[in-house]
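In: model this:
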Amino acid sequence: MARPPTQDGDEGTRGREERDHDAGVNRGGVPPAPHPDDPGPQDSDIAGPPITPDPRALVRLSAEIHLVAQETRRALRGDTTIYQRGGRLVRVTTSRPPRARWLSGAAGLPVIEEWMREPMRERISERVCFLRFDERSKRSVAAAPPGWLADLVLDGADLDAPLLDAVLPAPTLRPDGSVLDAPGYDADTGCYLAPHGLDVRVPERLDLDDARHALGVLDELLEDFPFEAAHDRSAVLAAILTACVRTAILGPCPLTLISGNAPGTGKSLLADVVSTIALGRAAPRMAVSTEDEEMRKRITTIALAGLRLVLLDNIDSRVRGGALGGSAFDAVLTSDEWQDRVLGANRMATLPMRTLWIATGNNVAIRGDLLRRVVPVRLVSPIERPEERDGFAIPRLLDHVREHRSWLLTCALVAVRAWCLAGQPSQGLAPIGSFEAWSDIVRGALVWAGYADPAAGRAALRETADPEVAGVGALLAEWHVVLGSGPLTTAQVCAHQEVDLREALVEVASRAGAPSSRALGYVLRAYRDRVIGGYVIRQVSDHAKARTWRVERIG
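Out: Down below sits the predicted model:
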C-alpha cells in the first residue's frame, strides 16, 4: 500500500524527504490554491539555464496525493517501457545471471521483469518534472519523485498499460500466418520483438515446393545424427518449427524428448541446434527436481521471466526418483496459463505459458501422465563410443548454425507460412488431445511436405517408457494366464508360487523383496479399469476386509 507523506512535525531524515514530496498536479489539470508567497514556477527556479525546453510533463507537489498520482499516470501513458502481465507492471530487459543454481545459460536473453519501486522512480523522473515549494527561498524548486508515488503507480490502476504476452528474440509468425518482424510491441499478438539484427525475408507468395525446399535446408543439419526411424528425424524438424513459430500456435506444445541408447549420441547438441536457430544461442538448462513442489517453484520462475525455450538436460533414470514426470510438470505442458504463488510475495500470479520444453537423457523413463504429453526422438548409435566419431558432414555444427541463422530461421518461417497460405488441408492425422493447435500447424506442415509424422514415435514410447506401467502390464498378463479371471483377494494372489507370476508381483508390489498384498492393493487401485497391454483389472467387491479383483482380457 502506498505510504502518504509524513507531517511537517517529523524532523527525521526520512520525514524531511517525504515532506519535500507533497503532492501537486500537472499544469493541464486543476491546480490547488497557490501559496501566497509563491510566484509560480520561473525559469530561474531550476539551476542553470535550460539549453532546450524540457519535454517532460510538469507536476507540482502539494498535499493532493490523488491528483499527483492521476497526473503522473497520465504522463506515463503510452510509455513503451511499461506493460502489464499477470496483474503487475512489467518491462522488457536483458536477463542477468540467475542466483538459482538450477538454471544456467539464460543470462543475456531478452526476458520479462516486474517493475520494482526504485527503477519505477527513475522512470517517472525521466517522464515527469516535479516541483515543490521551498519555505526558505519562498519559491518552487525541482524535486525527485517520492517513493510513495512509485508505489501508487505500481498498483497499475488507470495506467492502461498494454498487455504483454511474451518477449520474442527473433522474427516469427502470427496466428494468421503473417510475419512479425518489426522490433517493438505488436498489438495483434501482445508480444514484444526485441532488436535482433537478423535478415529475415519471407515472400508473400509461397507454395508446396517452397516448403519442401525450406525444410530440406533444415534437414541437412541433421545428417550426422543416428536417428532410429524417419519419424525421429521429423520430430526434430517439428521442434525447430515449434521454437520458431511458437507465437502462431494458440495452445500448448508437447515436450520434445531426445533419448539415446548411449552417451555421446548427440542429444544435447540436437537441443542446442533447435535453440540456436530460435534464440541465437545454446539452450538455457534447468535442473529437474524430484520434489513436485520445488519443480512448481522453478516453473513459476520460468513463467515470470517468459523464457522461450528450456532444456532439461541429461536426465538420469538410474537414480532413485529419476523418472521424468510429476503433477507440476504434467500440468505445465498442457496449460496456456500458469497459476502459482509468487516466491517471496503473498500473492498469486496467472501468467501466459509460452515455453517450449526439451528433455534429453539415455533411455529416459517416464512416469505418470507425462507419456501422452511427449513427442519422442530416438538416437541409436551402432558403435561403442559414439563421442569419438569423425568425418561429419558439418564438422562444427553450432558454428554453422550461428553463421547461417538468418537463412535457417527464414526457412522455418517459410515452411509454416506456405502451409498456412495453402489453407492447411487435412492430412488425415489422428488428433492429439491437448495439442490440437500444435498438430494442425507444425505436424500438418511436415506431413504436407512429405515428411514422416513427427508424433509416430509416441506409440512405441507408450510400450517402453514407463517401467511401472510395463510392470503392471506383465503382472496382468501372468495373472490372467495362471489364475484366470475369477475374483481373488490380493492375499490370495500373493500366496501363489508360480515363478513368472511371483517375479511380476515382486517387480511392482514388493516389500522387503517379497510380494506384499497391501502394496498390490495400492497398485490395483491406481490402475483400476485402465487397459494395459490388452488386459484390464476390475474391482469385484469393495468390502474393506475382503476387496476382490479380477483380470479381463480386452479384444
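In: where exactly do the helices run in the stretch 301-450 of the chain?
Out: Taking DSSP state H, counting those that start in this stretch as the test, the helices found in the stretch 301-450 of the chain are 327-333, 397-403, 405-421, 436-438, 444-448.
In: and the ones you listed as JSON lines, adding mean pLDDT, mean neighbour count and distance to residue 153?
Out: From N, CA and C alone the C-beta is placed, and that goes for glycine too. Below are the helices of the stretch 301-450 of the chain laid out as JSON lines (pLDDT from 0 to 100; neighbours: other CB atoms under 10 Å; distance: least, CB to CB, whole Å):
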{"stretch": "helix 327-333", "mean pLDDT": "93", "mean neighbour count": "19", "distance to residue 153": "32"}
{"stretch": "helix 397-403", "mean pLDDT": "97", "mean neighbour count": "15", "distance to residue 153": "41"}
{"stretch": "helix 405-421", "mean pLDDT": "98", "mean neighbour count": "23", "distance to residue 153": "38"}
{"stretch": "helix 436-438", "mean pLDDT": "96", "mean neighbour count": "18", "distance to residue 153": "37"}
{"stretch": "helix 444-448", "mean pLDDT": "98", "mean neighbour count": "22", "distance to residue 153": "45"}
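In: switch those helices over to JSON lines; also include distance to residue 214.
Out: Converted to JSON lines, these look like this (distance: least, CB to CB, whole Å):
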{"stretch": "helix 327-333", "distance to residue 214": "28"}
{"stretch": "helix 397-403", "distance to residue 214": "15"}
{"stretch": "helix 405-421", "distance to residue 214": "4"}
{"stretch": "helix 436-438", "distance to residue 214": "19"}
{"stretch": "helix 444-448", "distance to residue 214": "10"}
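In: out of those, which is closest to residue 224?
Out: Counting by CB to CB, residue 224 lies closest to helix 397-403 out of the helices of the stretch 301-450 of the chain; the figure is 7.4 Å.
In: of the helices of the stretch 301-450 of the chain, which is nearest residue 262?
Out: That would be helix 397-403 among the helices of the stretch 301-450 of the chain, by CB to CB, at 19.3 Å.
In: for residue 267, find the nearest of the helices of the stretch 301-450 of the chain.
Out: Per CB to CB, nearest to residue 267 of these: helix 397-403, 13.4 Å.
In: low pLDDT regions in this structure?
Out: 1-51, 98, 317-322, 463-467, 543-545, 555 (pLDDT under 70).
In: please parse it into its domains.
Out: 13-80+115-154, 208-463, 466-553 (automatic domain parsing).
In: which of these sits most buried?
Out: Among these, domain 208-463 has the highest mean neighbour count (mean count of other CB atoms under 10 Å), at a mean of 19.
In: how far does that domain sit from the chain's center?
Out: Chain-centre distance of domain 208-463: 12 Å, with CA atoms, centre = their mean, to the nearest Å.
In: closest one to residue 187 among the helices of the stretch 301-450 of the chain?
Out: So among these, helix 405-421 is nearest, using CB to CB, at 20.4 Å.
In: what about residue 149, which helix or strand?
Out: helix 147-154 (DSSP states H and E).
In: elements contacting that helix?
Out: Packed against helix 147-154, as judged by 3 or more CB pairs under 8 Å, 6 or more residues apart in numbering; DSSP states H and E, are the following elements: helix 65-76, strand 88-94, helix 117-127.
In: elements contacting the next helix or strand along the chain from that helix?
Out: Scanning forward in sequence from helix 147-154 by DSSP H and E, the next helix or strand is strand 166-168. Contact partners of strand 166-168 among helices and strands, from 3+ CB pairs under 8 Å, 6+ apart: strand 110-114, strand 191-193.
In: whatever helix or strand comes next after strand 166-168 pairs with which strands, parallel or anti?
Out: With elements assigned by DSSP H and E, the helix or strand that comes after strand 166-168 is strand 172-173. Here strand 172-173 has these sheet partners by DSSP bridges: strand 179-180 (antiparallel).
In: by contact count, what packs against whichever helix or strand comes after the strand it pairs with?
Out: Next along the chain after strand 179-180, taking DSSP H and E as the criterion, comes strand 184-186. On a contact count with 3+ CB pairs under 8 Å, 6+ apart, strand 184-186 meets strand 191-193.
In: and the strand it packs on, how far out from the chain middle?
Out: Relative to its parent chain, strand 191-193 has a centroid offset of 15 Å by CA atoms, centre = their mean.
In: and that strand, which strands flank it?
Out: strand 166-168 (parallel), strand 184-186 (antiparallel).
In: how about residues contacting the last one?
Out: Okay, so that is strand 184-186. Identification of contacts with strand 184-186 by CB atoms under 8 Å, 6 or more residues apart in numbering yields 80, 83, 162, 164, 174, 180, 191-193.
In: for the first one, same thing?
Out: Where contact means CB under 8 Å, 6+ apart, the residues beyond strand 166-168 that reach it are 92, 110-112, 180, 190-194, 246-247, 306, 308, 352, 354.
In: can you select the buried ones from the contacts of strand 184-186 in PyMOL?
Out: To isolate in PyMOL the members of those that are buried, counting by 16 or more other CB atoms under 10 Å, one can use:
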select buried, resi 83+162+164+174+180+191+192+193
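In: quickly note the distance from the residue most central in space within the chain to residue 309.
Out: By CA atoms, centre = their mean, the chain has its centre lying nearest to residue 355, at 2.5 Å. Using CB to CB, to the nearest Å, we find residue 355 at a distance of 7 Å from residue 309.
In: which one, of the helices and strands packed on helix 147-154, ends up nearest to residue 446?
Out: strand 88-94 (32.2 Å).
In: still on that earlier bit, adding distance to residue 88, write the domains of the chain out as JSON lines.
Out: Converted to JSON lines, the domains of the chain look like this (distance: least, CB to CB, whole Å):
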{"stretch": "domain 13-80+115-154", "distance to residue 88": "8"}
{"stretch": "domain 208-463", "distance to residue 88": "7"}
{"stretch": "domain 466-553", "distance to residue 88": "39"}
